[in-house]
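# Take this sequence and fold it.
(one chain, ligands or ions: 1)
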Amino acid sequence: HAAPVGRARGTGTETPMVHAEDPKRRAAAHALTYVTDGMRLGLGTGSTARHFVELLAEKVHAGLNILGVPTSEQTLSQAVSLGVPIATLDEAGPLDLCIDGADEVGPGLALIKGGGGALLREKIVASAAREMVVIADSSKKVAMLGRFPLPIEVVDFGVASIERHVADAVRKAGCEGPVKLRRDGDGHPFVTDQGHLILDVHLGRIPDPAALARAVEEVAGVVEHGLFLGLARRVVLAGADGITVLE
Ligand code: 5RP
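Residues are numbered from 1 along each chain as shown. All right, here's what the predicted structure looks like:
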């Protein structure tokens, strides 16, 4: 259910700070209210998670005691540069909370993640946490997943063959669309933090995310996919009308 909280006020002529600020930053700020002293926290990846780590760093400098486990090299270097105490997942052990962004939020808080290519570590860290809270601007909420291409992390050995088998698996799960190897700005294959490649599957619609997840998981060479099902406990959405928390 949706619980609107902290609705923005205004007559339309005034532009309070809350309107001017990036919705991603407002969602991140709201997520800070779930953080308490002594927590071990999964730190997500992407522009929204980046805001969260920035705001978290301010709290740390004000005396908050937390331990962060970054979900990417990118977040690791941000946390280090801002002086946020960090550890590896194995050093930290089970986590209290994981805060991360998402590319799409569908019914049942099913997510597509991996737009930034960090899905594997993100899923491992989210799974290690008692609770995952997603932060996003309200444009990420969709009636059905799939408009955003589904990222699938695969090994590099035999990637063309893996690509064909992923396309078959996707069809068997009732979806259809091109499978494309992700490339970086220079046209080279994009390589993840774990040294793998990413296939982006352009489906348009995913009527049955669980069936698709199962089908993709069966393909040899698939390491992980960006469907996060049953992982998010709460989704904090920030839009023009304030913050909405889905749970
Ligand atoms: C990275 C992710 C990100 O959480 C997702 O891409 C959202 O990014 P942003 O907050 O920049 O919109 O899954 O792998």
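
# Can you list the low-confidence ranges for this structure?
Applying pLDDT under 70 to the chain flags the ranges 1-20.

# all helices for it, in order.
Here the chain has its helices, by DSSP state H, at 17-20, 23-31, 47-61, 73-82, 89-92, 119-127, 159-172, 209-217.

# Adding distance to the ligand, write those out as a markdown table.
Yep, even glycine has a C-beta here, placed from its N, CA and C like the rest. Output for the helices of the chain, formatted as a markdown table (distance: least, Cβ to the nearest ligand atom, whole Å):
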| stretch | distance to the ligand |
| --- | --- |
| helix 17-20 | 19 |
| helix 23-31 | 6 |
| helix 47-61 | 3 |
| helix 73-82 | 9 |
| helix 89-92 | 16 |
| helix 119-127 | 5 |
| helix 159-172 | 18 |
| helix 209-217 | 15 |
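
# can I get these in JSON lines with mean neighbour count?
Putting the helices of the chain into JSON lines (neighbours: other Cβ atoms under 10 Å) gives the following:
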{"stretch": "helix 17-20", "mean neighbour count": "12"}
{"stretch": "helix 23-31", "mean neighbour count": "23"}
{"stretch": "helix 47-61", "mean neighbour count": "19"}
{"stretch": "helix 73-82", "mean neighbour count": "17"}
{"stretch": "helix 89-92", "mean neighbour count": "14"}
{"stretch": "helix 119-127", "mean neighbour count": "24"}
{"stretch": "helix 159-172", "mean neighbour count": "16"}
{"stretch": "helix 209-217", "mean neighbour count": "18"}
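
# Could you dump the ones you listed into CSV with distance to M39 added?
Converted to CSV, the helices of the chain look like this (distance: least, Cβ to Cβ, whole Å):
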stretch, distance to M39
helix 17-20, 26
helix 23-31, 12
helix 47-61, 10
helix 73-82, 15
helix 89-92, 10
helix 119-127, 14
helix 159-172, 37
helix 209-217, 29
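
# of all those, which lies closest to I135?
With Cβ to Cβ, the closest approach to I135 among those belongs to helix 23-31: 4.0 Å.

# residues in contact with the closest one?
For helix 23-31, the surrounding residues in contact (Cβ atoms under 8 Å, 6 or more residues apart in numbering) are 5-6, 18, 47-49, 51-52, 54-55, 99, 101, 133, 135-138, 236-240, 243, 245.

# roughly how far out does it sit from the chain middle?
Remark: helix 23-31 is offset 14 Å from the chain centroid, using Cα atoms, centre = their mean, to the nearest Å.

# swap in stretch 107-121?
Mean-position distance between stretch 107-121 and its chain equals 5 Å (Cα atoms, centre = their mean).

# try stretch 177-191
That offset, for stretch 177-191, works out to 20 Å (Cα atoms, centre = their mean).

# Extract the CA atoms of it and return them as CSV.
Provided in CSV are the C-alpha atoms of stretch 177-191 (Å, rounded to 0.1, in the frame of the first residue of the first chain):
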residue,chain,number,x,y,z
GLY,A,177,13.0,-8.7,-27.8
PRO,A,178,16.5,-8.2,-28.9
VAL,A,179,19.4,-9.2,-26.6
LYS,A,180,22.3,-6.7,-26.9
LEU,A,181,25.8,-6.9,-25.5
ARG,A,182,26.4,-3.8,-23.5
ARG,A,183,29.3,-1.6,-24.7
ASP,A,184,31.1,1.3,-23.1
GLY,A,185,31.5,4.8,-24.7
ASP,A,186,34.5,3.5,-26.8
GLY,A,187,32.5,0.6,-28.2
HIS,A,188,34.3,-2.0,-26.1
PRO,A,189,32.3,-4.6,-24.2
PHE,A,190,31.3,-3.2,-20.8
VAL,A,191,33.1,-5.1,-18.1
